[in-house]
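Asks: only the shape, not the letters, is given here:
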């Protein structure tokens, strides 16, 4: 067998490792986010502003099912990283095989249910009035490709856990570039409208799966499960589920938040206000790409070294990860605070939307720099296999604070109360996460060559 490149996670310097892991992850997330962003611009310019709102309404359903794959991937990859760190290669293979079986079994079942209840789901997520028809078209077609997206998300995290961040980046680049080319062809050239946008997305998922299948069948990968590894084993499934549930619960809460928020915005300002927020939601996925990239790069480093009981490197990885995430979060904050109107004009020329979108963007991104601490902090507990604190910290911002604020604040401040909920929930969740993270790091025993500095 080839030398275990994953072992480098336990030997190279933390800053160098984080660059190796985070840069490809950031590029992949950037291109994927650009794909979503440009896709929205294409839809807004070539189909119309209502189409932007329609896609935003559909996202919670497709994202939730796709998050199943991501949750299985991240939960299993945490185990794989720690298994590789402790030289338990057979366990890593068994976990990977179980990940594939679980992803296919669960997502196909959810897709079937999602198609059956289509007419009930779309209105419940804010797809009312003029939004319903285009949302139904987009939803139905994209849902067919969601199992492929789930496999992409799952496979991508395993590739990264194996210590191959460049190939994980390629897995994200291929569907993103493919989707943009197909968008141009199917929407602008062939004039297929919403059907074209949906098929471009679905086909791009298929391209991603094809690449991931090639990677694990080639000599590039050290993880080559056989048929026996695909047989579900209850202890493995439980371990994947307990850690993966953190990601799944987060996405479930995000979906519930979209449901409630879209309906709330529709009640206050109709399709126009829903579209104004949809622009900010798209920017949220795009603008935070360096923070999410650092988080993805940080996970295997922390997990591997925790499994190897090299706690000084674990602490250093947290310190470097937090500082890097805050730095890039501040850059994102500065750009969005200075140019919200210019950015909004990329999506639409609708004057009513442009009157609302810049202010919405400023509220949504008001405390972006410190929010990076919450993202890294919650991810740390997932990386080291502590499911319960990871779950609670992940749900703190959206579930425990943001949704209640959406219910309370508009009763006193009207539409302004909706926007106030964003920075208040971000600040509160960050403070809580910082306290728990510092307390957990202080529990780790010291190990030789402790080069980390103060984390928080």
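Replies: Looks like it arrived, so ask away. Values in this document were obtained by computation on a predicted structure and should not be read as measured data.
Asks: number of nearby residues for residue 408?
Replies: 12 (other CB atoms under 10 Å). Placement of C-beta: from N, CA and C, glycine included.
Asks: now it, nearest residue through space, not along the chain?
Replies: Spatial nearest neighbour of residue 408, chain neighbours left out: residue 417 (7.7 Å); criterion: CB to CB, 6 or more residues apart in numbering.
Asks: was I right to think residue 73 contacts residue 154?
Replies: Yes: counting by CB atoms under 8 Å, residue 73 does reach residue 154; the two are 3.6 Å apart.
Asks: element containing the residue nearest to residue 408, please.
Replies: helix 415-443 (DSSP states H and E).
Asks: repeat that for residue 324.
Replies: helix 311-338.
Asks: what comes into contact with the helix or strand that comes right after that helix?
Replies: Sequence order places helix 340-345 as the next helix or strand after helix 311-338, per DSSP H and E. Helix 340-345 is contacted by residues 279, 283, 336, 353, 354, 357, 358, 359, 361, 362 when judged by CB atoms under 8 Å, 6 or more residues apart in numbering.
Asks: what's near enough to touch the fourth one?
Replies: By CB under 8 Å, 6+ apart, the contact set of residue 353 is 49, 272, 275, 276, 279, 344, 347.
Asks: any idea how far residue 253 is from residue 277?
Replies: Going from residue 277 to residue 253 by CB to CB, to the nearest Å gives 17 Å.
Asks: okay, those two: which has more neighbours?
Replies: residue 277 (25 against 19).
Asks: these two touch, right, the more buried one and residue 263?
Replies: No: using CB under 8 Å, residue 277 is not in contact with residue 263, being 11.8 Å away.
Asks: list the contacts for the residue nearest to residue 408?
Replies: Residue 417 sits in contact with 405, 408, 409, 410, 411, where contact means CB under 8 Å, 6+ apart.
Asks: which element is the fourth one on?
Replies: By that I understand residue 410. With DSSP H and E as the test, residue 410 turns up in helix 403-413.
Asks: which other helices and strands does that helix contact?
Replies: Secondary-structure packing of helix 403-413 (3 or more CB pairs under 8 Å, 6 or more residues apart in numbering; DSSP states H and E): helix 234-287, helix 415-443.
Asks: now the helix holding residue 417 against helix 403-413, angle please.
Replies: 150 degrees (axes from the mean of the first three to the mean of the last three CA atoms, to 10 degrees).
Asks: buried stuff in helix 415-443?
Replies: 415, 417-423, 425-430, 432-434, 436-437, 440-441 (16 or more other CB atoms under 10 Å).
Asks: could you do stretch 322-342 as well?
Replies: With burial defined by 16+ other CB under 10 Å, the residues of stretch 322-342 counted as buried are 322, 324, 325, 326, 328, 329, 332, 333, 336, 340.
Asks: tabulate those residues (JSON lines), appending distance to residue 20.
Replies: Formatted as JSON lines, the buried residues of stretch 322-342 follow (distance: CB to CB, whole Å):
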{"residue": "322", "distance to residue 20": "18"}
{"residue": "324", "distance to residue 20": "13"}
{"residue": "325", "distance to residue 20": "17"}
{"residue": "326", "distance to residue 20": "20"}
{"residue": "328", "distance to residue 20": "17"}
{"residue": "329", "distance to residue 20": "21"}
{"residue": "332", "distance to residue 20": "22"}
{"residue": "333", "distance to residue 20": "26"}
{"residue": "336", "distance to residue 20": "28"}
{"residue": "340", "distance to residue 20": "34"}
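Asks: still on that earlier bit, check which helices and strands the helix holding residue 324 sits against.
Replies: Against helix 311-338 (3+ CB pairs under 8 Å, 6+ apart) you get helix 14-46, helix 234-287, helix 289-307, helix 351-364, helix 368-383, helix 415-443.
Asks: ok, residues contacting stretch 245-254?
Replies: 60, 63-64, 67-68, 70-71, 74-75, 378, 382, 387, 390-391, 394-395, 398-399, 403.
Asks: could you rerun that using 7 Å?
Replies: Residues outside stretch 245-254 that contact it (CB atoms under 7 Å, 6 or more residues apart in numbering): 63-64, 67-68, 70-71, 74-75, 382, 387, 390-391, 394-395, 398-399.
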